[in-house]
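Engineer: heads up, no residue letters with this:
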């Protein structure tokens with residue numbers, strides 16, 4: 001495999017694992033307040049489809065890269081099985097939780113303003129809002145099943161499965177380790 005120009009001072013071969021948006025992160029950001037307070041805030045319209053992947057699936061790809069070494073020297077795209085809107089994530093969380101809650105949406109104009117105005121005060125929050133604006137306006141879809149067909153040994157975890165683990169009747173129980 002060719003040496004990467006990203007790390008020109010090492011002779012080690014490496015792979016880059018590039019996941020789409022993490023399900024656990026976005027389910028937590030949206031579902032945490034929904035479950036705790038009965039309402040949540042969605043940045044933007046909430047209608048733009050986004051590909052989400054489970055962190056457990058990404059960990060399986062990292063494990064594959066270490067154990068198998070076949071992806072050495074490559075960039076491995078790691079999508080999830082579904083392109084979902086943030087509003088659809090809310091519905092999936094509500095189904096796992098077994099209740100409905102309130103949903104508010106932040107207008108794009110407010111997001112643009114906050115991503116600039118918050119920068120001197122809280123750069124991390126400003127960057128998160130800026131990223132949410134990108135997620136609300138750009139094509140964030142990918143055909144996950146087609147990409148993942150090259151790796152049939154790695155299962156594809158759905159948003160409903162992760163939401164059930166985080167917010168369902170068995171939430172809080174120890175996760176089972178991945179099997180090989």
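Structural biologist: The structure has been received and is ready for your questions. As the structure is a computational prediction, the values presented were derived from the model and not from experiment.

Engineer: can we go C-alpha only for contacts and neighbour counts from here?
Structural biologist: Noted.

Engineer: ok, residue 151 - how many residues close by?
Structural biologist: Residues lying near residue 151 (other Cα atoms under 10 Å) number 12.

Engineer: using the three-state scheme, assign it.
Structural biologist: Secondary structure assignment for residue 151 (DSSP: H, G, I helix; E, B strand; the rest coil): coil.

Engineer: from residue 126, how far off is it?
Structural biologist: Going from residue 151 to residue 126 by Cα to Cα, to the nearest Å gives 37 Å.

Engineer: same deal with residue 107?
Structural biologist: Going from residue 107 to residue 126 by Cα to Cα gives 15 Å.

Engineer: now swap in residue 95 and tell me
Structural biologist: Counting by Cα to Cα, the separation of residue 95 from residue 126 is 31 Å.

Engineer: go on, residue 138?
Structural biologist: According to Cα to Cα, residue 138 stands 18 Å off from residue 126.

Engineer: which of the two has more neighbours?
Structural biologist: Taking other Cα under 10 Å, residue 138 and residue 126 do not tie; residue 126 has more neighbours (21 against 11).

Engineer: next, give phi and psi for the more buried one.
Structural biologist: The phi and psi values for residue 126, taken as degrees, to the nearest 10, are phi -60, psi -40.

Engineer: likewise for residue 117?
Structural biologist: When read as degrees, to the nearest 10, the backbone of residue 117 gives phi -70, psi -30.

Engineer: just residue 22 next, same as before
Structural biologist: Dihedral pair for residue 22: phi -80, psi 130, per degrees, to the nearest 10.

Engineer: ok, now which ones touch it?
Structural biologist: 52-55 (Cα atoms under 8 Å, 6 or more residues apart in numbering).
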